[in-house]
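Participant: Just to be clear, the model below is a prediction. Sequence and coordinates:
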Amino acid sequence: MTLPIVRLAEEQRLSGATVANGFVFLAGQVADDDSLDAEGQTKDILAQIDALLAEAGVDKRSLLQIQIVLADIADAPLMNRAWDAWLDTAHKPARMTIQAPLVNPRWKVEITGVALAKA
């Protein structure tokens, strides 16, 4: 038996998110405007995540886990400022933040995660 998989925001190489087996899996999201600083890029990405979750029929309260990649860990305070303004503190997901090179050197932040899908 094959379980249904719903693919959201499909692009040439990937889907922005997939919904399967009760979960929403987010692709790595990067800023549409790579000229922004880390705070601005994080705000941009979190808005994209909000839109993908809404398309899946849920919102940020359903997030279970988030992984954040920073090109430069020194940008953590700027990223956290945007994160803290966006976060629903009654529904905090598990989170990790690491430093690693990103594909586009102008990207400062990439965020991915998993949410519980609508039952």
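Facilitator: Good, I have the coordinates.
Participant: going forward, measure contacts and count neighbours with C-alpha atoms only.
Facilitator: Will do.
Participant: What helices and strands are in contact with the longest helix anywhere in the chain?
Facilitator: The longest helix of the chain (DSSP state H) is helix 38-55. Identification of packing neighbours for helix 38-55 by 3 or more C-alpha pairs under 8 Å, 6 or more residues apart in numbering; DSSP states H and E yields strand 5-10, strand 23-29, helix 76-86, strand 109-116.
Participant: And whichever helix or strand comes after the shortest one, what does it pack against?
Facilitator: Heading C-terminal from strand 5-10, the first helix or strand you meet, by DSSP states H and E, is strand 15-20. Helices and strands in packing contact with strand 15-20 are listed as strand 5-10, strand 23-29; criterion 3+ C-alpha pairs under 8 Å, 6+ apart.
Participant: Mean neighbour count, the ones you listed: which tops it?
Facilitator: strand 23-29 (a mean of 21; mean count of other C-alpha atoms under 10 Å).
Participant: what about it, average pLDDT?
Facilitator: Mean per-residue pLDDT for strand 23-29: 98.
Participant: what angle separates it from strand 5-10?
Facilitator: Per axes from the mean of the first three to the mean of the last three C-alpha atoms, to 10 degrees, the angle that strand 23-29 makes with strand 5-10 is 30 degrees.
Participant: For the remainder of this discussion, apply numbering that starts at 773.
Facilitator: Okay, using 773 as the starting number, the last item reads as strand 795-801.
Participant: Which other helices and strands does strand 795-801 contact?
Facilitator: Strand 795-801 packs on strand 787-792, helix 810-827, strand 881-888, going by 3+ C-alpha pairs under 8 Å, 6+ apart.
Participant: ok, back up a step: include distance to Ala828 when you put the helices and strands packed on helix 810-827 into TSV, please.
Facilitator: Formatted as TSV, the helices and strands packed on helix 810-827 follow (distance: least, C-alpha to C-alpha, whole Å):
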stretch	distance to Ala828
strand 777-782	8
strand 795-801	7
helix 848-858	19
strand 881-888	10
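Participant: Right, I'll leave it there.
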